[in-house]
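Undergrad: Next input, structure requested:
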Amino acid sequence: MKTVSYLALVALGLFSDATLAQSTEIADKFEKFDRNHDGFLTRSETAIDPALWSRFSSYDKDKDGRLTLSEYGLYASK
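TA: Predicted structure coming up:
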């Protein structure tokens with residue numbers, strides 16, 4: 001039983017590290033897009049990524065004309 005628990009902990013640790021690395025990568029990309037460093041992405045800031053620019057409104061869940069890190073994360077994690 002202890003072996004199974006240790007394996008589960010190791011697997012959970014590996015998954016957590018991978019998730020953290022992906023989150024960090026997404027945040028780094030978000031910061032590069034955010035040229036004015038206001039914590040949001042406008043449609044014009046996303047113009048350097050044609051796929052994101054063309055789908056901007058579908059990721060802008062609250063329809064405020066800008067993407068939060070969370071909203072951008074939906075796009076970047078696909």
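
Undergrad: Got phi/psi on E31?
TA: Note on E31: its backbone torsions stand at phi -60, psi -40 [degrees, to the nearest 10].

Undergrad: residues touching it, list them.
TA: Counting by C-beta atoms under 8 Å, 6 or more residues apart in numbering, E31 makes contact with H37. In short, each C-beta sits where N, CA and C put it, glycine included.

Undergrad: From S57, how far off is it?
TA: For E31, the distance to S57 equals 22 Å [C-beta to C-beta, to the nearest Å].

Undergrad: count of residues packed around I48?
TA: Neighbour count for I48, taken as other C-beta atoms under 10 Å: 11.

Undergrad: Which residue lies closest in space to it, excluding its sequence neighbours?
TA: Nearest residue to I48 in three dimensions, chain neighbours excluded: F33, at 7.2 Å (C-beta to C-beta, 6 or more residues apart in numbering).

Undergrad: Does that neighbour touch W53 like I think?
TA: No - using C-beta atoms under 8 Å, F33 is not in contact with W53, being 10.4 Å away.

Undergrad: Overlap in contacts, the two.
TA: Applying C-beta under 8 Å, 6+ apart, one finds that F33 and W53 are jointly contacted by T46.

Undergrad: Could you check which of the two is surrounded by more residues?
TA: F33 (18 against 13).

Undergrad: What does the more buried one show for phi and psi?
TA: In terms of degrees, to the nearest 10, the main-chain angles of F33 are phi -70, psi -40.

Undergrad: pLDDT wise, what is it at?
TA: Model confidence at F33, expressed as pLDDT, equals 96.

Undergrad: give the contact list for it.
TA: L41, E45, T46, I48, D49, Y72.

Undergrad: Let's see which of the residues you listed end up in helices.
TA: Y72 (DSSP state H).

Undergrad: Now do the strands in this structure.
TA: 41-42, 66-67 (DSSP state E).

Undergrad: and the last one, what's its mean pLDDT?
TA: The predicted model gives strand 66-67 an average pLDDT of 98.

Undergrad: one step back: tell me the one among the contacts of F33 nearest to G65.
TA: Lowest distance from G65 to those (C-beta to C-beta) belongs to L41, with 10.1 Å.
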